[in-house]
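J.: Got a predicted model here, sequence first, then my questions.
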Amino acid sequence: MTLADSLLTSSAVPLRQSAAAGMALGLIAHAAARGADRSALLAVAGLPDAAVDPNRRVPLDRYAALFAEAARQCDDPALAIRFAEESNFADLSIVGLIGYAAATMRDALDQLNRFGRLVTDIAVAGPKRFMLSEEADGLWLIDRRIDSPPFPELTEMTFVRMVTGTRQFGTDPYASLAEVTHDDRGQGAELARVLGVPVRFGAGRNALRVSQAWQDYPVALYPRYAFGLFCAHADRLLEELEAAQSVAGQVERAVLPVLHTGTVSAAGVARQLGLSGQGLYRALRAEG
């Protein structure tokens with residue numbers, strides 16, 4: 001049985017942590033251009049084809065498996081780094097468009113905190129994923145993503161997009177040092193090259209030491225009117241994401257595809273969601 005087969009036949013328990021299909025499709029296109037099997041990668045991601053809604057959600061475990069399989073097929077442990085360096089975030093997500101329409105780089109960071117869940121909806125230690133911290137050795141941008149289960153490619157891609165994206169808008173180097181919690185898996189030299197800074201592996205946090213100047217770099221590649229339209233659309237997508245994460249939303253997704261068969265039962269739905277019958281009842285009651 002292939003990796004794709006094992007994932008497709010595994011229990012379909014809804015997971016809170018997820019990524020937008022647009023990000024997965026971007027990686028698949030990048031890997032396929034380097035000789036990877038597009039159909040096999042779509043199967044690993046659980047996507048029927050390359051024409052699916054880019055806002056569709058891909059469970060985080062499938063997203064991680066996709067990176068592992070794409071790196072294996074391309075024989076490149078640094079594939080995630082190259083993907084982030086060579087792709088345009090605005091082509092992959094509404095969040096990228098919002099960032100490029102923001103007034104300044106600091107504003108773009110604020111919008112990333114506001115809408116970042118549309119890209120990857122993951123566990124975060126606090127109300128905001130990214131935090132600026134004034135420390136004795138300078139200003140640090142800290143990624144407070146909880147890396148559980150471990151997914152080092154997310155850290156690498158995030159930092160690469162931040163560094164390469166900022167280079168378009170200012171002359172001062174954005175970062176001077178990077179710290180990551182994961183070990184060097186054979187991609188360390190490439191990560192340091194793309195970031196243009198030393199990388200401390202096995203650190204106690206994921207963070208970039210950044211210059212003060214970057215916060216005021218003007219961005220605004222799109223008119224302010226477009227910024228408002230992008231944000232309004234992103235707000236609607238966030239509402240849909242919240243609804244889908246509710247237990248009621250998960251029940252609806254489990255029931256609708258098989259409702260016509262007449263075989264739906266409360267016990268069966270509860271099992272699919274990893275709950276007892278009473279647990280499902282209490283969860284639905286709590287949601288009103």
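T.: Structure received.
J.: hey, C-alpha coordinates of stretch 72-86 in PDB?
T.: Extracted C-alpha coordinates of stretch 72-86, given in PDB (Å, rounded to 0.1, in the frame of the first residue of the first chain):
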ATOM      1  CA  ARG A  72      10.900  12.400  -1.200                       C
ATOM      2  CA  GLN A  73       9.800  12.400  -4.800                       C
ATOM      3  CA  CYS A  74      12.000  15.400  -5.600                       C
ATOM      4  CA  ASP A  75      14.900  14.000  -3.500                       C
ATOM      5  CA  ASP A  76      15.200  17.400  -1.900                       C
ATOM      6  CA  PRO A  77      15.000  17.900   1.900                       C
ATOM      7  CA  ALA A  78      14.900  21.700   1.300                       C
ATOM      8  CA  LEU A  79      11.900  21.600  -1.000                       C
ATOM      9  CA  ALA A  80       9.700  23.600   1.400                       C
ATOM     10  CA  ILE A  81      12.300  26.300   1.500                       C
ATOM     11  CA  ARG A  82      12.600  26.500  -2.300                       C
ATOM     12  CA  PHE A  83       8.900  26.500  -2.600                       C
ATOM     13  CA  ALA A  84       8.500  29.500  -0.300                       C
ATOM     14  CA  GLU A  85      11.400  31.300  -2.000                       C
ATOM     15  CA  GLU A  86      10.200  30.800  -5.500                       C
END
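J.: Just give the number of residues close to residue 23.
T.: For residue 23, the number of neighbouring residues by other C-beta atoms under 10 Å comes to 24. Heads up, the C-betas are built off the backbone N, CA and C, glycines and all.
J.: In this structure it contacts residue 91, no?
T.: No. Contact criterion C-beta atoms under 8 Å: residue 23 and residue 91 do not qualify, at 10.7 Å.
J.: what residues does stretch 158-174 touch?
T.: For stretch 158-174, the surrounding residues in contact (C-beta atoms under 8 Å, 6 or more residues apart in numbering) are 81, 84-85, 89, 99, 105, 141, 143, 145, 175, 178, 180, 191, 194-197, 206, 208, 210-211, 213-214, 217-219.
J.: Narrow these to those in helices?
T.: The helices, defined by DSSP state H, take in 81, 84-85, 89, 99, 105, 191, 194-195 from the contacts of stretch 158-174.
J.: Tell me the one among these nearest to residue 226.
T.: Of all the ones in helices among the contacts of stretch 158-174, residue 99 has the smallest distance to residue 226: 12.3 Å, by C-beta to C-beta.
J.: All set, thanks.
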